[in-house]
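Chemist: what follows is a protein structure lacking sequence information:
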Ligand SMILES: [Zn+2]
Ligand SMILES: [Zn+2]
Ligand SMILES: [Zn+2]
């Protein structure tokens, strides 16, 4: 059987060919929005400013728009890296400031199947525990799983699993984190032998953090924290070991009382901390890449939870694993309780209770997404005006009117998807090529 071309696709292609700026116009619009999945169609209010213009949707989630998520990830990487190495308006002096990379984990809410490997060997999931649980289910598992196995993250006994605890932990992570930053500052002041106000005058704690969803549906935080001089003329020694100690203590000190059942809520005891040495720029780049990768994820890998849940019925129609379904349902149920009204859990059932930002940073970390976007928009507009032949004397700040969302017809959708795939194949090839030259950064992606 040959390839069947849909009649609607064919009609669309013919329509675009026959339009004012033809197929070339389509290709140009596609490049200008990097073949976004659902671009916003805009028309300049002045005809001198050219014809229709496609603006990328800008969604950060890879499951919604791969192209815009990739751009977001690149921006996130630039933003993290500028806080480590300088650049984008940040002084290179920043390189000598001590930096700690920390992973704050969630505690256990019950045994789940795991993919365990050591020295390249895959080990049994959960050996050892004798006898069944109170529900008659096995408490040990001798199976071996690869990382992508569907069972990884699913509990051995869903009835033993503390679903409410897991959802409330996710919901309280932003507050836990806020307290960790306050406590870490307090610890630092003490370690330096300062009062808090003396400390604040001398030293600033800056950070950037991202959220990672574990397969078991709870959050880990990846944090890059840096000590800065608060005053330009400060001569105080900035000490990375003190920073690491202050954070470690803070993570262990901070806990909250659950507004639901009065239980203590805190981060898990597993804490990974490493000092990022100035002398190891490759490792710093790796960390920036690692951190920015999480900025484009959703709470599940398939994108079933990449948008809000509107009703119990909406939830029941989503194709989820039993475990993620039960977490989302638990958030939905808890969302009806008056004592938890301040956590709006129904509104955040699709993120399994978590309602913070996926990536946050303190004011002084480095530059901002807004700065990076404005820089790109300016560059793009300059190039656009150049291609349509607006000369400098004539250059105007165009105003746009909204026309619609998405590609114009099935033909454009079909070819836009294809172009997007090609674009990613080329990017992948470039990345593989460049990864063999460690000292070179990947080229800026976009246009
Ligand atoms: Zn997009
Ligand atoms: Zn298992
Ligand atoms: Zn059980």
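Modeler: Ah, there it is. For clarity, every value in this text was computed on a predicted model and none was experimentally measured. Ligands and ions are numbered 1, 2, ... in the order given.
Chemist: care to break the protein down by domain?
Modeler: Domain ranges of the chain: 7-60+369-435, 91-109+173-303+357-361, per automatic domain parsing.
Chemist: is it correct that residue 40 is in contact with residue 52?
Modeler: No. Taking Cβ atoms under 8 Å as the contact criterion, residue 40 and residue 52 are not neighbours in contact, 10.9 Å apart. C-beta: built from backbone N, CA, C; applies to glycine.
Chemist: residue 258: neighbour count?
Modeler: Using other Cβ atoms under 10 Å as the criterion, residue 258 is surrounded by 18 other residues.
Chemist: next: residue 198.
Modeler: Applying other Cβ under 10 Å, we find 12 residues neighbouring residue 198.
Chemist: next one: residue 267
Modeler: 23.
Chemist: and for residue 104?
Modeler: Residue neighbour count, defined by other Cβ under 10 Å, stands at 24 for residue 104.
Chemist: what does the one 10 residues further on give?
Modeler: The local packing count at residue 114 equals 21, with neighbours defined by other Cβ under 10 Å.
Chemist: and if you look at residue 17?
Modeler: For residue 17, the neighbour count with other Cβ under 10 Å is 12.
Chemist: any idea how far it lies from ligand 1?
Modeler: Distance, residue 17 to ligand 1, using Cβ to the ion, to the nearest Å: 25 Å.
Chemist: so the residue nearest to that residue when sequence neighbours are not counted is in which element?
Modeler: Nearest residue to residue 17 in three dimensions, chain neighbours excluded: residue 23, at 5.4 Å (Cβ to Cβ, 6 or more residues apart in numbering). Element membership for residue 23 (DSSP states H and E) is helix 22-32.
Chemist: residue 51 too?
Modeler: Using DSSP H and E, no helix or strand contains residue 51.
Chemist: how many other residues sit next to it?
Modeler: Under the neighbour criterion other Cβ under 10 Å, residue 51 is assigned a count of 14.
Chemist: the closest residue to it other than its chain neighbours and ligand 3, how far apart?
Modeler: Of all residues not flanking residue 51 in the chain, residue 21 sits nearest, at 5.8 Å (Cβ to Cβ, 6+ apart). For residue 21, the distance to ligand 3 equals 65 Å [Cβ to the ion].
Chemist: quick check: residue 21 touching residue 408?
Modeler: No. Between residue 21 and residue 408 no contact is recorded; they are 11.9 Å apart, counting by Cβ under 8 Å.
Chemist: between these two, which one's more packed in?
Modeler: Ranked by neighbour count (other Cβ under 10 Å), residue 21 and residue 408 place residue 408 first, with 19 against 14.
Chemist: didn't residue 186 look like it was pressed against residue 194?
Modeler: No. Checked against Cβ under 8 Å, the pair residue 186 and residue 194 is beyond contact range at 10.5 Å.
Chemist: residue in the stretch 301-447 of the chain nearest to ligand 1?
Modeler: Per Cβ to the ion, residue 420 is where the stretch 301-447 of the chain lies closest to ligand 1, at 9.4 Å.
Chemist: which residue packs closest to that residue, ignoring adjacent ones?
Modeler: residue 35 (3.8 Å).
Chemist: tally of neighbours for residue 177?
Modeler: Residue 177 has 22 neighbours, counted by other Cβ under 10 Å.
Chemist: ok, now which ones touch it?
Modeler: Residues in contact with residue 177 (Cβ atoms under 8 Å, 6 or more residues apart in numbering) are 104, 209, 221, 356.
Chemist: what does the chain have sitting close to ligand 3?
Modeler: Those residues of the chain that sit near ligand 3, judged by Cβ under 5 Å from the ion, are 133, 135, 157, 159, 160.
Chemist: mind telling me what element the residue lying closest to the fourth one once chain neighbours are set aside is part of?
Modeler: The shortest distance from residue 159 to any non-neighbouring residue, by Cβ to Cβ, 6+ apart, is to residue 135 (4.7 Å). Using DSSP H and E, residue 135 sits within no helix or strand.
Chemist: just residue 43 next, same as before
Modeler: Assigned by DSSP H and E, residue 43 belongs to strand 40-44.
Chemist: what about that strand, near ligand 1?
Modeler: No. Applying Cβ under 5 Å from the ion, one finds that strand 40-44 is not in contact with ligand 1, the shortest distance being 9.0 Å.
Chemist: need the contact partners of that strand.
Modeler: Applying Cβ under 8 Å, 6+ apart, the external contacts of strand 40-44 come out as 50-57, 398-406, 408.
Chemist: emit the ChimeraX select command for whichever of the residues you listed are buried.
Modeler: The buried subset of the contacts of strand 40-44, as determined by 16 or more other Cβ atoms under 10 Å, is captured in ChimeraX by this line:
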select :50,52,53,54,55,56,57,398,406,408
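Chemist: tell me which stretches of the stretch 51-200 of the chain form helices.
Modeler: Taking DSSP state H, counting those that start in this stretch as the criterion, the stretch 51-200 of the chain carries its helices at 66-85, 163-192, 196-202.
Chemist: sorry, wrong one. I was asking about the stretch 251-400 of the chain.
Modeler: Read by DSSP H, counting those that start in this stretch, the stretch 251-400 of the chain holds these helices, from start to end of the chain: 281-294, 312-316, 322-334, 369-387.
Chemist: winner for burial among these?
Modeler: Looking across the helices of the stretch 251-400 of the chain with neighbours counted as mean count of other Cβ atoms under 10 Å, the highest average goes to helix 322-334: a mean of 21.
Chemist: which helices and strands sit right next to that helix?
Modeler: Of the remaining helices and strands, those touching helix 322-334 by 3 or more Cβ pairs under 8 Å, 6 or more residues apart in numbering; DSSP states H and E are helix 163-192, helix 312-316.
Chemist: give me the contacts around stretch 258-276.
Modeler: Contacting residues not belonging to stretch 258-276 are listed as 84, 98-108, 164-165, 168-169, 172, 176, 180, 224, 240-241, 244, 247-248, 251-252, 254-257, 283-284, 287, 334, 337, 339-340, 342-343 [Cβ under 8 Å, 6+ apart].
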